[in-house]
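Novice: Quick one, fold the following:
(one chain, ligands or ions: 1)
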Amino acid sequence: MSDVYGVLLVCLGNICRSPLAEGVFLHLASERGVSDRFLVDSCGIGRWHAGEQPDERAMAVAKQNGITLPSLARQVNPKQDWDRFDLLLAMDYSNRHALLKLGAPEERVRLMRSYDPTLNGVTGEDLDVPDPYYGGADGFGRVFEMLERACDGLLDELTR
Ligand code: 4NP
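Specialist: Next comes the predicted model:
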């Protein structure tokens with residue numbers, strides 16, 4: 001593997017949580033001046049939304065925070081993604097389970113919120129980033145805040 005560290009953000013549809021996580025991670029990495037150390041992408045377990053832009057509520061909350069969401073949805077691509085990415089970050093337990101069933105190397109699969117330093121000691125599904133797809137705009141705001149804390153903690157760990 002190269003010096004660039006690969007981070008893949010994974011959710012179910014790749015239009016709400018993981019593209020937001022990707023945008024937040026890229027934004028915080030840029031603020032820290034470490035963007036060039038990372039290869040960052042996101043994907044979904046499912047392929048329903050492949051080729052689509054993120055959900056407009058995800059783009060709206062990102063825009064309110066000065067962040068643009070760069071990538072179009074795609075489905076996880078097992079062999080290629082296991083080769084390219086050092087860390088496979090699942091947004092929830094169900095996504096984690098799906099990645100493992102698809103053969104992802106277990107030592108590289110982690111839950112996004114396990115990097116939130118304020119959640120020390122929290123385990124199980126309490127670590128899920130809740131799926132905001134069927135809820136209102138407020139759900140996206142809460143998800144954004146969760147992702148900010150988790151990405152900040154992740155960057156602390158990866159740049160230590
Ligand atoms: P995401 O949310 O996994 O955070 O992108 C979802 C988006 C779409 C669907 C499910 C979850 N869907 O079933 O279409």
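
Novice: going forward, measure contacts between C-alpha atoms and count neighbours the same way
Specialist: Fine.

Novice: I'd like to know how many residues surround residue 121.
Specialist: 7 (other Cα atoms under 10 Å).

Novice: Same question for the one 5 residues further on.
Specialist: Burial measure for residue 126: 12 neighbouring residues, criterion other Cα under 10 Å.

Novice: repeat for the one 4 residues further on
Specialist: Counted by other Cα under 10 Å, the residues lying close to residue 130 total 16.

Novice: and if you look at residue 32?
Specialist: Other residues close to residue 32 by other Cα under 10 Å number 11.

Novice: now residue 73
Specialist: Residue 73, neighbours per other Cα under 10 Å, totals 25.

Novice: Whether the lengthiest helix in the chain contacts the ligand - can you check?
Specialist: In terms of residue count, the longest helix belonging to the chain (DSSP state H) is helix 137-158. No - residues of helix 137-158 contacting the ligand under Cα under 6 Å from any ligand atom: none, with a closest distance of 9.4 Å.

Novice: And that helix, what's buried?
Specialist: Buried residues in helix 137-158, counted by 16 or more other Cα atoms under 10 Å: 139-141, 143-144, 146-155.

Novice: Can you name every helix or strand that that helix contacts?
Specialist: Helix 137-158 sits against helix 17-31, helix 56-64, with contacts defined as 3 or more Cα pairs under 8 Å, 6 or more residues apart in numbering; DSSP states H and E.

Novice: Which elements pack onto the helix or strand just after the last one?
Specialist: Once the chain leaves helix 56-64, the next helix or strand it forms, by DSSP states H and E, is helix 78-84. When contacts are defined as 3+ Cα pairs under 8 Å, 6+ apart, helix 78-84 packs onto no helix or strand at all.

Novice: and helix 78-84, C-alpha only, in CSV?
Specialist: Presented in CSV, the C-alpha positions along helix 78-84 are these (Å, rounded to 0.1, in the frame of the first residue of the first chain):
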residue,chain,number,x,y,z
PRO,A,78,-15.8,-5.9,-2.6
LYS,A,79,-12.5,-6.9,-4.1
GLN,A,80,-11.5,-3.5,-5.3
ASP,A,81,-12.5,-1.7,-2.2
TRP,A,82,-10.7,-4.1,0.1
ASP,A,83,-7.5,-3.5,-2.0
ARG,A,84,-7.8,0.3,-2.0
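
Novice: Contact partners for residue 47?
Specialist: 13, 74-75 (Cα atoms under 8 Å, 6 or more residues apart in numbering).

Novice: Kindly reformat the residues you listed as a markdown table containing pLDDT and distance to the ligand.
Specialist: Shown next, in a markdown table, are the contacts of residue 47 (pLDDT from 0 to 100; distance: Cα to the nearest ligand atom, whole Å):
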| residue | pLDDT | distance to the ligand |
| --- | --- | --- |
| 13 | 98 | 4 |
| 74 | 98 | 11 |
| 75 | 98 | 11 |
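
Novice: Cool, thanks, talk later.
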